[in-house]
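*Asks:* What follows is a predicted protein model with its sequence.
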Amino acid sequence: MTTMTIRRYSLFLSILILFTTGELIGQRKDFSSWYEFEIDKGLNNGVDLSLEVEQRFKNNSLKYDRTQLTLAGEYDITDYFSTAVGFRALLTTNRELQLQRRYRMHVDATGSHSISGFDLSLRLRLQYGFDDQVFVGYFRDNNLVNRNRLKIEHHLFGSRLGFFATIESWHMFIGDPGRLFYKMRYSAGAQYTLNFRSEFSLRYILEDEFNVVNPLQSHILVLGYSHSL
């Protein structure tokens, strides 16, 4: 086998491992439930402000996980590109189930495009602050993380019902190169418009951890409600 063939085989194997959702060695599983409430207000200068409250439960949805409050502002630069900044305050539990206050800040850049009735968007997020993964020797409670999310949406013409699906990856900026990629999230759901201002959403999330000790696979059900002022 030539060196070129070996390299091609290794690249193919790496890509296959990267996107697989199969069960990993020592993997834990859990079912969680999240509840979201969001209020947003569009301003005349193209800025959209939002406030989101989210409550999460873990361990088969029987134990408190966290409460988080997110304040964000988004600005549409063009019809196809927008930027956003946000701040998130969290009340979460540690390994000893003690409540702790944490925070997180993020900056987004989002490109969007519509084709044949489908809305496509790619969001690049850089966030700093609390993260579920703390790699001993490299990280403390606050980490610098890159999250990339691809989303597709479709609204049924003449109805109040729409569908969406996303795929998102998590990447650390500092540390062992073999551990920088550590999480994937796959999501699919539906949204129902009550009126011009209010909307319900229901989605299922599959979350897989990689390159960590005792990785977690989470099955998550999310119920959300949003209202525009």
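*Replies:* All right, it came through fine.
*Asks:* Could you pull up the residues touching the spatially most central residue of the chain?
*Replies:* In the chain, the centroid-proximal residue (Cα atoms, centre = their mean) is residue 168; its distance is 6.1 Å. By Cβ atoms under 8 Å, 6 or more residues apart in numbering, the contact set of residue 168 is 147, 148, 149, 150, 184, 185, 187. In short, each C-beta sits where N, CA and C put it, glycine included.
*Asks:* quick one: which of those residues is nearest to residue 106?
*Replies:* residue 147 (8.3 Å; Cβ to Cβ).
*Asks:* For that closest one, the count of nearby residues, please.
*Replies:* 17 (other Cβ atoms under 10 Å).
*Asks:* which secondary structure element contains it?
*Replies:* If you go by DSSP states H and E, residue 147 is part of strand 142-155.
*Asks:* buried sites along that strand?
*Replies:* 143, 145, 147, 149, 151, 153, 155 (16 or more other Cβ atoms under 10 Å).
*Asks:* Quick check: residue 126 touching residue 144?
*Replies:* Yes. At 7.5 Å, residue 126 counts as touching residue 144 under the criterion of Cβ atoms under 8 Å.
*Asks:* how about the strands of this structure, start to end?
*Replies:* Here the chain has its strands, by DSSP state E, at 28-42, 47-58, 63-76, 81-93, 99-115, 118-130, 142-155, 161-172, 181-193, 198-209, 216-228.
*Asks:* Pipe those strands into a markdown table and attach mean pLDDT per row.
*Replies:* A markdown table is the format used below for the strands of the chain (pLDDT from 0 to 100):
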| stretch | mean pLDDT |
| --- | --- |
| strand 28-42 | 97 |
| strand 47-58 | 97 |
| strand 63-76 | 96 |
| strand 81-93 | 95 |
| strand 99-115 | 95 |
| strand 118-130 | 96 |
| strand 142-155 | 94 |
| strand 161-172 | 96 |
| strand 181-193 | 96 |
| strand 198-209 | 97 |
| strand 216-228 | 97 |
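*Asks:* how far away is the residue nearest to the centre of the chain from residue 182?
*Replies:* Using Cβ to Cβ, to the nearest Å, residue 168 is found at 12 Å from residue 182.
*Asks:* for residue 188, same thing?
*Replies:* For residue 188, the distance to residue 182 equals 22 Å [Cβ to Cβ].
*Asks:* When these two are compared, which one has more neighbours?
*Replies:* Taking neighbours as other Cβ under 10 Å, residue 188 and residue 182 compare with residue 182 leading, 21 against 14.
*Asks:* quick one: contacts for that one?
*Replies:* Residues in contact with residue 182 (Cβ under 8 Å, 6+ apart) are 133, 170, 171, 172, 209, 210, 211, 212.
*Asks:* Touching, residue 172 and residue 180? I think so.
*Replies:* Yes. Between residue 172 and residue 180 there is a contact under Cβ under 8 Å: 4.6 Å.
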